[in-house]
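K.L.:
Sharing a sequence plus its predicted fold:
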Amino acid sequence: QVQLVESGGGLVQAGGSLRLSCAASGRTLSNYEMAWFRQAPGKERVFVAGIRPSGDSTLYTDSVEGRFTISRDNAKNTVYLQMNSLKPEDTAVYYCRARDSLYVSWGQGTQVTVSS
């Protein structure tokens with residue numbers, strides 16, 4: 001299976017930006033559907049954004065549409081989440097997920113904290 005490591009989280013003021021990265025090892029990401037999820041304290045993990053293996057199709061949850069952009073660089077085996085106009089309600093641990101027809105792999109998560 002593919003191993004995933006997220007990075008790029010941190011503390012930012014409301015209105016600021018962060019770019020998360022998800023670096024893969026073990027297998028090439030080019031065959032995987034990739035997604036970002038997040039989990040706020042005391043809440044369930046929820047879908048944020050997804051991207052097809054070729055990168056030609058993306059999907060976002062309504063609350064981040066127009067503010068977040070998911071992208072991938074298959075040559076670098078990395079997926080990104082550009083987060084702009086951040087809000088306090090975006091505070092959560094962000095997880096990267098890789099999925100193909102057989103397996104699902106998760107990273108360990110990266111904390112994003114948005115102060116008001």
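P.N.:
Perfect, I can see it now.
K.L.:
For the residue nearest to residue 99 when sequence neighbours are not counted, report the pLDDT, please.
P.N.:
In this structure, residue 99 finds its nearest non-sequential neighbour in residue 33, 4.9 Å apart by CB to CB, 6 or more residues apart in numbering. No exception for glycine: its C-beta is placed from N, CA and C like everyone else's. Reading off the confidence values, residue 33 has pLDDT 97.
K.L.:
Was I right to think residue 93 contacts residue 38?
P.N.:
Yes - Residue 93 lies in contact with residue 38 (CB atoms under 8 Å); the separation is 6.6 Å.
K.L.:
Pick out whichever of those two has more residues nearby.
P.N.:
Comparing residue 93 with residue 38 by neighbour count (other CB atoms under 10 Å), the higher total belongs to residue 38, at 22 against 18.
K.L.:
From residue 116, how far off is the spatially most central residue of the chain?
P.N.:
In the chain, the residue lying closest to the centroid (CA atoms, centre = their mean) is residue 36, at 3.1 Å. Computed as CB to CB, to the nearest Å, the residue 36 to residue 116 distance reads 23 Å.
K.L.:
what do you get for residue 26?
P.N.:
To residue 116, residue 26 is 39 Å away according to CB to CB.
K.L.:
swap in residue 46?
P.N.:
Noted for residue 46: a distance of 21 Å to residue 116, by CB to CB.
K.L.:
the more surrounded of those two?
P.N.:
Using other CB under 10 Å as the criterion, residue 46 and residue 116 rank with residue 46 on top: 12 against 9.
K.L.:
Quick one: residues contacting that one.
P.N.:
37, 38, 39, 61 (CB atoms under 8 Å, 6 or more residues apart in numbering).
K.L.:
Among those residues, which are located in helices?
P.N.:
Using DSSP state H, the subset of the contacts of residue 46 located in helices is empty.
K.L.:
Now render those as a markdown table, adding distance to residue 7 and pLDDT.
P.N.:
Output for the contacts of residue 46, formatted as a markdown table (distance: CB to CB, whole Å; pLDDT from 0 to 100):
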| residue | distance to residue 7 | pLDDT |
| --- | --- | --- |
| 37 | 16 | 98 |
| 38 | 15 | 98 |
| 39 | 17 | 98 |
| 61 | 22 | 98 |
